[in-house]
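Enquirer: sequence and predicted structure, then a few things I'm wondering about:
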Amino acid sequence: MKEKIGITTTVPVEAIIAAGFAPVDLNNIFVTSNDCQGYIEAAERDGFPKSMCAWIKGLYGACMINGIKKIVGVVQGDCSNTASLTEVLRLRGIDVIPFSYPHERSAENVKNELDRFMKLWGVDLKSVEAVRASLQGIRGKAILLDELTWRESKASGFENHLYQVSMSDFNSDPEVFEGELDSKLCEIEDREADEPRLRLGYIGVPPMMADLYEFAEQQGARMVYNEVQREFAFPRAGYAKNIYEQYADYTYPYDIDFRLKEIKKQIEERKLDGLVHYTQAFCHRALDDIIIKSRIDIPIINIEGDKSDRLDARTRLRLEAFLDMLCDRKEAL
Amino acid sequence: MRALGIDLGSRQVKLAVMKDGKLEDMRSYSTMSFYRNYCSYREGIRLDTKALGLSDFDMAVSTGYGKNNTNMADFVQINEIKAHVYGALAQTGLEDFMLLDVGGQDVKVTRVEKGMITDIELNEKCAASCGRYLENMANVLEISLDEMANCSSNPIELSSTCAVFAESELIGKIAEGIELERLCAGVNHSMYKRLQPMLANFKGRVLVVSGGVANNAALTGYLANDYDTVIKLDNPQFNGAIGCCHYAARLASKKVLERHVE
Ligand code: SF4
């Protein structure tokens, strides 16, 4: 079995795979475990303060509890908390390989960083491009799944979220993952189309509480766009001439204007009625909400998650009222 | 298009009639007498519009206090928060504001962005920040609510968070011989302080105030320190019923109605 390399978010996994390792997204281990709270507990016992984002604690717990020895930590472009987290992990004896999304998104900056990263893994461009090409099939299937959600109204918002979010590490085994995706696609394609009453977009980091999707569907609303999850799947990788272009065309870690451009495009194309903007308690990205709300015309509800993996009663009440009014607006037209 | 809107409150039933966007009639009844004199039970609550002297509606919408009492036959029922927001939207013409509704027995705070509810805070458990508190204190001071509502300067400090304790504190202050104006201002200010924690997550530029307590000028005056603009709705206690009328007007659009009939 290949040695597992923890990743703190989406990174150029092509290099890790080319080097013969298996990437494992620590977020996915954390959030899909039956014991999320235990992971957070583990971090708090080791001194992580209450006022720290739960994802950071979860990542820490995921490393400690699963005996991860080596990780790639994104120290720029994602989150300054992760940068500090990598220092603590080093203290605990974990080998940390840093990766940065350059502050200024230029082809040259991205190329420099990727070259440095490939060198660290001892791989060359050719072998990385070979891996990139071999992943193109799965990426195409993720696009298909996305289309089955927004174009054909067959896949649920949760399926759309789950399979795209899993593309950050291909569940550590691209081949097995592709097989799973294949059978899921078959199952979904056989379904009758089920047009939701409301078409929602979900923007921001993936949610701590996945029951959000089910709750929305119960109110007749489906997330037919999962912004960051879709970015994890690199839907535009097929147009990128090389790995450098692919990672320069990834919206989330760069400036908000670049991100908004893509969001706006998807609002149009997918005919979205409203947006759910998810932010995490104690995360600097909560400030994005100010910009997003002033730059986007359709109604947006901001919901904040903290440690719980279930929607709380208050958030349910808020969402219910928001979706109810959104329905009124849509149907009164 | 003639619409009837009814807000079935815990203590008062408010009723509004709107024709082509114009309010024609507003009435309120004590909840007790409303049910006793104008309602009968036959597979749900039936309203005797004849006895009320009301007829010829194209659409009737009701909302209610909590989940109780809203089951009126021949009425489309809507959520209370939504009714209030539709009322405020239509009456202010604004799309972005905070709505504070202080009724006799409950407080609702709502954030409205781009015309949609995006946040809600409710207090239905404690009477200390509701109209009931002001009524009790006015009784203790043997002064009318209206008179009390105009006193805002130099308030005495009523420290406790509980309405029952505040009453004994107030009596202590009366015994100390403090002038009535300051006592009244103290009551109004204590009400304001109790609302503050509820408003903590609802900072913004514009605050719209509805519910009977909106008539308390001292309170809206204190609130004006925290917002650029404080708007008191006309007939604030009828906002829920007015919202129902406006919603009824929307229901005239067939598609929306279909959903309720489903
Ligand atoms: S949610 Fe925010 S603070 Fe938490 S890990 Fe992500 S970017 Fe960092």
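Expert: The structure has been received and is ready for your questions.
Enquirer: and the closest residue in space to B:L52 that isn't next to it in sequence, how many neighbours does it have?
Expert: Leaving aside its chain neighbours, B:L52 sits nearest to B:Y38 (5.5 Å; criterion: Cβ to Cβ, 6 or more residues apart in numbering or on different chains). From N, CA and C alone the C-beta is placed, and that goes for glycine too. Around B:Y38 there are 19 other residues, counting by other Cβ atoms under 10 Å in any protein chain shown.
Enquirer: B:Y38 and the ligand, how far apart?
Expert: Computed as Cβ to the nearest ligand atom, to the nearest Å, the B:Y38 to the ligand distance reads 55 Å.
Enquirer: report the contact partners of that residue.
Expert: Applying Cβ atoms under 8 Å, 6 or more residues apart in numbering or on different chains to B:Y38 gives the contacts B:Y29, B:L47, B:D48, B:A51, B:L52.
Enquirer: OK, contacts around the third one?
Expert: Under the criterion of Cβ under 8 Å, 6+ apart, the neighbours of B:D48 are B:Y38, B:C39, B:S40.
Enquirer: do the same with the fourth one
Expert: Listed by Cβ under 8 Å, 6+ apart, the contact partners of B:A51 are B:N37, B:Y38.
Enquirer: please, which helix or strand holds it?
Expert: Assessed by DSSP states H and E, B:A51 sits inside helix B:49-52.
Enquirer: surely B:S153 meets B:A185?
Expert: Yes - applying Cβ atoms under 8 Å, one finds B:S153 in contact with B:A185, separated by 6.0 Å.
Enquirer: of the two, who's got more company?
Expert: Neighbours around B:S153 and B:A185, counted as other Cβ under 10 Å, are more numerous at B:A185. The numbers are 21 against 10.
Enquirer: mind checking the SS state of the closest residue to the ligand within the stretch 101-250 of chain B?
Expert: Taking Cβ to the nearest ligand atom, the ligand has its nearest neighbour within the stretch 101-250 of chain B at B:N201, 20.0 Å off. For B:N201, the assignment made with DSSP: H, G, I helix; E, B strand; the rest coil gives coil.
Enquirer: can you list phi and psi of the closest residue to A:Q246 other than its chain neighbours for me?
Expert: Nearest residue to A:Q246 in three dimensions, chain neighbours excluded: A:A240, at 3.9 Å (Cβ to Cβ, 6+ apart). A:A240 has phi and psi values of phi -80, psi 130 when expressed as degrees, to the nearest 10.
Enquirer: equivalent analysis for B:Q77, please.
Expert: Torsion angles at B:Q77 (phi, psi; degrees, to the nearest 10) stand at phi -100, psi 130.
Enquirer: same question, B:D25
Expert: Dihedral angles for B:D25 - degrees, to the nearest 10 - are phi -160, psi 140.
Enquirer: now the residue nearest to it when sequence neighbours are not counted: which helix or strand?
Expert: What sits nearest to B:D25 in space, not counting adjacent residues and going by Cβ to Cβ, 6+ apart, is B:V17, at 4.1 Å. Under the criterion of DSSP H and E, B:V17 resides in strand B:12-19.
Enquirer: what's in contact with that strand?
Expert: So strand B:12-19 is in contact with B:1-7, B:23-31, B:34, B:52, B:54, B:57, B:104, B:237-238, B:240-242, B:244-246, B:248-249, going by Cβ under 8 Å, 6+ apart.
Enquirer: ends of stretch A:60-79, how far apart?
Expert: Using Cα to Cα, to the nearest Å, one end of stretch A:60-79 lies 14 Å from the other.
Enquirer: an error on my part: the question was meant for stretch A:57-73.
Expert: 14 Å.
Enquirer: buried sites along that stretch?
Expert: The neighbour-count check on stretch A:57-73 (16 or more other Cβ atoms under 10 Å in any protein chain shown) flags A:57-64, A:68, A:70-73 as buried.
Enquirer: likewise stretch A:142-160?
Expert: Across stretch A:142-160, burial judged by 16+ other Cβ under 10 Å covers A:142-146, A:148-150, A:153-160.
Enquirer: list just the nearest of these to A:A19.
Expert: Checking those against A:A19 by Cβ to Cβ gives A:A142 as the nearest, at 23.4 Å.
Enquirer: what does the pLDDT read for the residue lying closest to the closest one once chain neighbours are set aside?
Expert: Spatially, and ignoring its direct neighbours in sequence, A:A142 is nearest to A:A233 (4.2 Å; Cβ to Cβ, 6+ apart). At A:A233, the predicted lDDT confidence score is 97.
Enquirer: residues in contact with A:A233?
Expert: A:A233 is in contact with A:R139, A:A142, A:I143, A:D146, A:Q164, A:M167, counting by Cβ under 8 Å, 6+ apart.
Enquirer: filter those residues down to just the ones in strands.
Expert: Among the contacts of A:A233, DSSP state E puts none in strands.
Enquirer: if we can go back for a sec, select from the contacts of B:D48 every entry located in strands.
Expert: Per DSSP E, the contacts of B:D48 map to strands at B:C39, B:S40.
Enquirer: phi first, then psi, for B:G9.
Expert: phi -80, psi 180.
Enquirer: for it, grab the count of nearby residues.
Expert: Here the number of neighbours of B:G9 (other Cβ under 10 Å) works out to 27.
Enquirer: hey, where'd the helices end up in the stretch 101-250 of chain B?
Expert: Assigned by DSSP state H, counting those that start in this stretch, the helices in the stretch 101-250 of chain B fall at B:131-141, B:145-149, B:163-175, B:180-199, B:217-223, B:239-251.
Enquirer: deepest of those, which one?
Expert: Mean neighbour count (mean count of other Cβ atoms under 10 Å in any protein chain shown) peaks for helix B:239-251 among the helices of the stretch 101-250 of chain B, with a mean of 27.
Enquirer: other SSEs contacting that helix?
Expert: Using 3 or more Cβ pairs under 8 Å, 6 or more residues apart in numbering or on different chains; DSSP states H and E, the elements in contact with helix B:239-251 are helix A:313-332, strand B:2-8, strand B:12-19, strand B:22-30, strand B:59-64, strand B:76-77, helix B:80-92, helix B:254-261.
Enquirer: that older thread, now the helices of the stretch 101-250 of chain B as CSV including mean pLDDT?
Expert: As requested, the helices of the stretch 101-250 of chain B are arranged in CSV below (pLDDT from 0 to 100):
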stretch, mean pLDDT
helix B:131-141, 89
helix B:145-149, 93
helix B:163-175, 87
helix B:180-199, 93
helix B:217-223, 96
helix B:239-251, 93
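Enquirer: to A:S134, which of those helices lies closest?
Expert: Across the helices of the stretch 101-250 of chain B, A:S134 has its closest neighbour in helix B:239-251 (54.9 Å, Cβ to Cβ).
Enquirer: rank the helices and strands packed on helix B:239-251 by mean pLDDT and give me the bottom one.
Expert: helix B:254-261 (a mean of 57).
Enquirer: how much space between A:K126 and A:V224?
Expert: From A:K126 over to A:V224 the distance is 39 Å, taken as Cβ to Cβ, to the nearest Å.
Enquirer: show the model's pLDDT score for the residue nearest the centre of chain A.
Expert: By Cα atoms, centre = their mean, chain A has its centre lying nearest to A:Q229, at 3.7 Å. You'll see A:Q229 listed with a pLDDT of 97.
Enquirer: test my guess that it contacts A:G157.
Expert: No - using Cβ under 8 Å as the test, A:Q229 is too far from A:G157 to be in contact (10.3 Å).
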